[in-house]
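**Q** Provided below are the primary sequence and the corresponding predicted coordinates.
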Amino acid sequence: MVRQCEVLVVGAYFADLVFHGLPRPVVPGGEVFAEGFAVVPGGAYTMAMALHRLGREVLWSADFGTDPFSAQVLPCARQEGLEEAAFRHHPFPVRSLTVALSFANDRAMVSYQDPIDPEPLLPLLRRHRPRVLMLPQLRWDDETVALARAARQLGTLMVMDCHDTPATLDDPAVRRVLAQVDVFTPNAAEALCLTGATDLDEAITELARLVPTLVVKRGADGATAVQAEKRHDVAAAPAETVDTTGAGDCFNSGLVHGLLEGWSLPACLAAAVICGAAATTGPGSSAALHADDLAQRLSRSPAPPRCPH
């Protein structure tokens, strides 16, 4: 079977308007001045860009229009050298934007997207036959179940994030799709929301019964992965945080990079945590690591990964 690319990323771009260094939360009727501001590409762009910086062959399926936000992100994608074969260009606005308000230890976001008919994913998967398919958001419709089954037949690893999706395990359709996904990567809050648990360890145990490989992003507490009933915990990497927007996507990119390299799951977690932490040192996705940066940081970590070759 001929692989057309290593990683197929499917998801919308976002233009992230990041206000960072806010001294206090914003409340209705109040005004707060930020220490810094930046407009940076985000959404699925972050995963595609971060993986490309790590040396992976990436194809990103995304839609662009005639609006100024598309005009902001598209040149950035080209400057990064991202392949454009899966881009769709439309003669009307396709606005996707997020206002991110970053505080010392947290953030708040307001987002907007113009509605657009999505590209059917099954033909896209069969045409490009990637080693890894990355979906940035939990989806539990029939098309996604069929997509997961087709990916398995093609030998494609399917990696899905949660992205604050309003879903719970009370819905049998959610359970069905998670059983088909190869790697599921929610953060701690999402894991608690999905399961309804009040304790994160309980949530991890419940999700791990459904998903072949569960990876939970725990912010300042690092990350946890469970595979074949074996749990792995990795501590957080130190970082001087400016903004956490895009950190989860960079974490996912480090994880997938390690999986493609054939590293052990703990080593993949170590790479993911380092990539996620590095992303917080700049606004949005601007501080995503390159391959040589990751290699240097891994070499200084307590347990650097070992390539099996």
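**A** Noted; the coordinates are in hand.
**Q** Now name the helix or strand holding the closest residue in space to P91 that isn't next to it in sequence.
**A** Leaving aside its sequence neighbours, P91 sits nearest to T66 (C-beta to C-beta, 6 or more residues apart in numbering; 6.4 Å). C-beta here means a position set from N, CA and C on the backbone, and glycine is covered the same way. Following DSSP states H and E, there is no helix or strand that holds T66.
**Q** With P91 instead?
**A** Counting by DSSP H and E, P91 is found in no helix or strand.
**Q** What backbone torsions are found at it?
**A** Main-chain dihedrals, P91, degrees, to the nearest 10: phi -90, psi 40.
**Q** In contact with R88: list those residues for me.
**A** 61-64, 119 (C-beta atoms under 8 Å, 6 or more residues apart in numbering).
**Q** Tell me the secondary structure of it, please.
**A** At R88 the chain is in strand, as set by DSSP: H, G, I helix; E, B strand; the rest coil.
**Q** Grab the nearest non-local neighbour of the most centrally placed residue in the chain.
**A** Centroid-nearest residue in the chain: D249, 2.9 Å away (criterion: C-alpha atoms, centre = their mean). Nearest non-adjacent residue to D249, counting by C-beta to C-beta, 6+ apart: T46, 3.9 Å away.
**Q** Could you list every helix and strand that the helix or strand containing the one you found packs against?
**A** Using DSSP H and E, T46 maps to helix 44-53. Applying 3 or more C-beta pairs under 8 Å, 6 or more residues apart in numbering; DSSP states H and E, one finds that helix 44-53 contacts strand 7-10, strand 13-20, strand 58-64, helix 68-80, helix 247-261.
**Q** now these as CSV including distance to V215?
**A** Listed next are the helices and strands packed on helix 44-53 as CSV, based on distance: least, C-beta to C-beta, whole Å:
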stretch, distance to V215
strand 7-10, 16
strand 13-20, 23
strand 58-64, 20
helix 68-80, 25
helix 247-261, 6
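**Q** Reformat the ones you listed as a markdown table; add mean pLDDT and distance to D170.
**A** Below are the helices and strands packed on helix 44-53 laid out as a markdown table (pLDDT from 0 to 100; distance: least, C-beta to C-beta, whole Å):
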| stretch | mean pLDDT | distance to D170 |
| --- | --- | --- |
| strand 7-10 | 96 | 27 |
| strand 13-20 | 92 | 29 |
| strand 58-64 | 96 | 31 |
| helix 68-80 | 95 | 36 |
| helix 247-261 | 94 | 24 |
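**Q** quick one, which of these is nearest to T165?
**A** helix 247-261 (13.2 Å; C-beta to C-beta).
**Q** With just CA atoms, put that closest one into PDB.
**A** Taking Å, rounded to 0.1, in the frame of the first residue of the first chain, the C-alpha atoms of helix 247-261 are listed here in PDB:
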ATOM      1  CA  ALA A 247      -0.400  24.100  23.900                       C
ATOM      2  CA  GLY A 248      -2.700  21.100  23.700                       C
ATOM      3  CA  ASP A 249      -2.400  20.900  19.900                       C
ATOM      4  CA  CYS A 250       1.400  21.100  20.200                       C
ATOM      5  CA  PHE A 251       1.300  18.400  22.900                       C
ATOM      6  CA  ASN A 252      -0.700  16.200  20.400                       C
ATOM      7  CA  SER A 253       1.900  16.900  17.700                       C
ATOM      8  CA  GLY A 254       4.800  15.800  19.900                       C
ATOM      9  CA  LEU A 255       2.900  12.700  20.800                       C
ATOM     10  CA  VAL A 256       2.200  11.700  17.200                       C
ATOM     11  CA  HIS A 257       5.800  12.500  16.300                       C
ATOM     12  CA  GLY A 258       6.900  10.000  18.900                       C
ATOM     13  CA  LEU A 259       4.400   7.400  17.700                       C
ATOM     14  CA  LEU A 260       5.700   7.800  14.100                       C
ATOM     15  CA  GLU A 261       9.200   7.400  15.300                       C
END
